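need coordinates for the following:
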Amino acid sequence: MSHRVVITGAGCITPLGSEVDEVWHNLKEGRSGIGPISIFDARGFPVRIAAEVHDWDVSEVGEDPADWKSHPRQTHFAVGAAVKAMQSAGLAPDRLDPLRFGVYLGCGETFPELAELAEAMAPALRDGKFDAREFVSRALAVMDPDSAANCEPHVPAQCVAALFNAQGPNVNCIAGCASSSQAIGNAAEIIRRGEADVMLAGGAHSLINPLGVTGLCQLGVLSRANERNGKAMRPFDGERDGFVIGEGGAIVVLESLDHARARHAEIWGELEGYASAHEAFHLTDTHPEGRGLAQCMRHALRDARLNLDDVDYVNAHGTSTRLNDRIETLALKNAFGAGAYAIPVSSTKSMMGHFTTASGAIELLVALMVVRTGVIPPTINYEIADPECDLDYVPNTARRRKCRRALSNSLGFGGQNAALVVSRFDERSASVGWGPAA
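Here you go, the predicted structure:
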């Protein structure tokens, strides 16, 4: 038997707020969370803007900040989002079977602050003379072992499990920027197979630290339009020049429909389909025709037993890089054909920046809110058309539209892809789970 998977709660910590309703309001209003970096002194860096989480710490969810002092920001965000998700779902850990309650996150690499060292080497980065080997060597010499150990990607999932006595499956997915989407999809499959009743799924990440910004600068993927601040992140726009790094976390509560019904839970939506696919093309680059993403979208719809014209909205990966946005646009056309022009597509990264491994989780939450409310958030800063990006990107202003189902896309470094299909819950649906139609 294949179990239907529903969403019964969610929590998030973002640059636009730390309550789902607050974040949703700001997204609908087209507000930007991007501004000058304040977490460390970035004056000597070529990139000096980011989308930071301000005025929040774990005390807001009843945790003692001293208990988490040796943990990086991403663990704080994961714990905060998990507590809020459990509260919103009305779940008490002592009323759950701990062996059928698990955690599946998509958290990535992060680093101890090493602020003084990175700032000392910032001029070399700015002048193009940065020596990565020298930096790593000096970093290892001054790194605190406890802080370094807590920076391992699997630690947030373990911390969340310990907090709620979740003794079921505990996994962290590392698939670049597709990590948290794959985590949510894989967590749902665990429930679908009957191996768990409840899963906390999502992700958290922060690379807004000297070493993280240094690495992304070296890769050449960040926008250097520091003077634009909130207008620097420009997905699909003709003047886009890279993404603005963001940070935060989002976690949803996934339950089997039977478990949710038994406790009379409010059902936010249903996770109908999931697929992952790899480009199998290049160690770092995406296939120029986006074949992996196009395949991924088609397979996610097949898993949900849906047709192409059943999709009412797409939350795009939309990173504001020249190559990524062009390829994602092409992949949408390859997947949906001429129908791609009729589907509203928006990138909420334009307002919150790029959460890297956690981006898929917050964007799945956005897609869920679209089907719940019938409002599509805009792609802000879209001002100059790019002939190669010619779909309906919902420019600058939110739009009302009845949306039954939404698709959320994620693309990861090196060719990882994931797609999730979320829908308004329909008690009368004949769906019995994912899988190819007979």
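
measure the residue nearest the centre of the chain to residue 60 for me?
For the chain, residue 359 is the residue whose C-alpha lies nearest the centre (Cα atoms, centre = their mean; 1.8 Å). According to Cβ to Cβ, to the nearest Å, residue 359 and residue 60 sit 23 Å apart. Just so you know, the C-beta spots here come from the backbone N, C-alpha and C atoms, and that holds for glycine as well.

run the chain-centre distance for the helix or strand where residue 323 lies.
Taking DSSP states H and E as the criterion, residue 323 maps to helix 322-336. With Cα atoms, centre = their mean, to the nearest Å as the basis, helix 322-336 stands 19 Å off its chain's centre.

elements contacting it?
Judged by 3 or more Cβ pairs under 8 Å, 6 or more residues apart in numbering; DSSP states H and E, the packing partners of helix 322-336 are helix 291-303, strand 405-412.

for that helix, which residues meet the burial criterion?
Neighbour-count burial for helix 322-336, counted by 16 or more other Cβ atoms under 10 Å, picks out 324-336.

before we move on, what about stretch 60-70?
61, 63, 68.

need those in a markdown table (columns: secondary structure).
Below are the buried residues of stretch 60-70 laid out as a markdown table (DSSP: H, G, I helix; E, B strand; the rest coil):
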| residue | secondary structure |
| --- | --- |
| 61 | helix |
| 63 | coil |
| 68 | helix |
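
closest to residue 253 among those?
Nearest to residue 253 out of the buried residues of stretch 60-70 is residue 61 (Cβ to Cβ; 15.1 Å).

show the pLDDT at the closest one.
Looking at residue 61, its pLDDT stands at 95.

alpha carbons only: can I get the helix holding residue 323 in CSV?
Provided in CSV are the C-alpha atoms of helix 322-336 (Å, rounded to 0.1, in the frame of the first residue of the first chain):
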residue,chain,number,x,y,z
ARG,A,322,23.4,34.5,-16.9
LEU,A,323,23.6,30.8,-17.7
ASN,A,324,21.2,29.3,-15.1
ASP,A,325,18.2,31.5,-15.9
ARG,A,326,18.6,30.9,-19.6
ILE,A,327,18.9,27.1,-19.2
GLU,A,328,16.0,26.9,-16.7
THR,A,329,13.8,28.8,-19.2
LEU,A,330,14.8,26.4,-22.0
ALA,A,331,14.1,23.4,-19.7
LEU,A,332,10.6,24.7,-18.9
LYS,A,333,9.9,25.0,-22.7
ASN,A,334,11.3,21.5,-23.3
ALA,A,335,9.1,20.1,-20.5
PHE,A,336,5.9,21.9,-21.2
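
what's the helix or strand that it is followed by packed up against?
Using DSSP H and E, the helix or strand that follows helix 322-336 in sequence is strand 345-346. On a contact count with 3+ Cβ pairs under 8 Å, 6+ apart, strand 345-346 meets strand 313-315.

can you list contacts of the strand it packs on?
For strand 313-315, the surrounding residues in contact (Cβ atoms under 8 Å, 6 or more residues apart in numbering) are 332, 343-348, 363-364, 366-367, 370-371, 376, 401, 403, 405-409.

kindly report the same for stretch 52-69.
13-15, 18, 33, 35, 37-39, 73, 75-77, 79-80, 83-84, 206, 208, 246-248.

returning to that earlier point: and the helix or strand harbouring the residue nearest to the centre of the chain with strand 405-412, angle?
Counting by DSSP H and E, the element that carries residue 359 is helix 359-373. Helix 359-373 and strand 405-412 are oriented at 170 degrees to each other (axes from the mean of the first three to the mean of the last three Cα atoms, to 10 degrees).

could you list the buried residues of helix 359-373?
Quick answer for helix 359-373 (16+ other Cβ under 10 Å): 359-372.

can you put those residues in TSV and add pLDDT?
Formatted as TSV, those follow (pLDDT from 0 to 100):
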residue	pLDDT
359	98
360	98
361	98
362	98
363	98
364	98
365	98
366	98
367	98
368	98
369	98
370	98
371	98
372	97
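
how about the closest residue to residue 298 other than its chain neighbours, what does it touch?
The shortest distance from residue 298 to any residue other than its chain neighbours is 5.5 Å, reached at residue 335 (Cβ to Cβ, 6 or more residues apart in numbering). Neighbouring residues of residue 335 by Cβ under 8 Å, 6+ apart: 293-294, 297-298, 308.

picking that back up, format the helices and strands packed on helix 322-336 as JSON lines; extra columns: mean pLDDT, mean neighbour count and distance to residue 192.
As requested, these are exported to JSON lines (pLDDT from 0 to 100; neighbours: other Cβ atoms under 10 Å; distance: least, Cβ to Cβ, whole Å):
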{"stretch": "helix 291-303", "mean pLDDT": "94", "mean neighbour count": "23", "distance to residue 192": "10"}
{"stretch": "strand 405-412", "mean pLDDT": "95", "mean neighbour count": "28", "distance to residue 192": "18"}
